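> Only the shape, not the letters, is given here:
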Ligand SMILES: [Zn+2]
């Protein structure tokens with residue numbers, strides 16, 4: 001089924017230019033795996049970026065440009081460091097199989113790895129979690145959440161951008177209702193309380209570029225345990 005909620009143009013441009021952090025890039029790339037509309041939009045953005053590059057006047061290279069480039073690639077603390085460089089993930093493949101981790105499209109499935117069904121950790125009544133990406137130096141992080149039907153997450157705001165991508169079930173909040181394939185985009189202005197609102201567990205990816213800010217007492221008490 002075609003997703004109903006898509007990334008904003010600004011988010012696709014940031015993804016295309018490589019300026020999104022790894023966690024948010026993972027969420028966008030995984031949405032693209034299921035969304036031909038956004039794949040077409042991303043291809044247009046790439047073509048536009050290429051055309052702009054071609055119009056730039058050539059810059060003369062320094063005599064030692066090539067050797068200094070290889071030195072930077074080889075440096076142990078250089079620009080290949082995982083949380084330091086802008087990230088552009090490989091092109092996604094569509095989802096193939098049917099159960100466990102296989103319900104996840106690439107590139108997320110490779111990040112989650114094998115044995116997903118045994119790795120859910122209970123973090124609150126009705127809420128289980130798998131860490132997909134530990135928090136980076138810049139604050140980004142990604143988790144899978146599995147929310148039982150009818151369960152509400154604590155009310156919260158955001159220090160930056162939060163992307164939620166749904167794979168099974170559905171949830172609703174102040175912004176809308178989201179089902180499989182949909183992506184929700186929340187920013188520093190957004191405060192919301194997602195509630196799983198169908199008869200099956202809602203399985204979703206939560207990717208952030210800064211920690212969430214829980215606003216209620218229960219949420220603040222739970223924050224150290226939730227780790228989002
Ligand atoms: Zn889309």
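Received, thanks. Just so it is clear, the structure is predicted and the values come from calculations on it, not from any experiment. Numbers count the residues shown, from 1 in each chain.

> Tell me who's in contact with the residue nearest in space to the middle of the chain.
Centroid-nearest residue in the chain, with CA atoms, centre = their mean: residue 27, separated by 2.6 Å. Neighbouring residues of residue 27 by CB atoms under 8 Å, 6 or more residues apart in numbering: 142, 163-165, 183, 205, 207. C-beta here means a position set from N, CA and C on the backbone, and glycine is covered the same way.

> Give me the distance between it and the ion.
Distance of residue 27 to the ion, computed by CB to the ion, to the nearest Å: 12 Å.

> Checking my notes, that residue in a strand, right?
No. Residue 27: not assigned to a strand; according to DSSP: H, G, I helix; E, B strand; the rest coil it is helix.

> if I look at it, how far off is residue 143?
Distance, residue 27 to residue 143, by CB to CB, to the nearest Å: 11 Å.

> Quick check: neighbours shared by these two?
residue 205.

> follow-up on the earlier one: pick out whichever of the contacts of residue 27 sits closest to the ion.
residue 183 (6.8 Å; CB to the ion).

> Give me the neighbour count for that closest one.
27 (other CB atoms under 10 Å).

> Tell me the first helix or strand C-terminal of the helix ranked longest in the chain.
The single longest helix within the chain, with elements called by DSSP state H, is helix 36-55. Reading on from helix 36-55 to the C-terminus, the next helix or strand found by DSSP states H and E is helix 65-74.

> So which elements touch that following helix?
If you count contacts as 3 or more CB pairs under 8 Å, 6 or more residues apart in numbering; DSSP states H and E, helix 65-74 packs onto no helix or strand.
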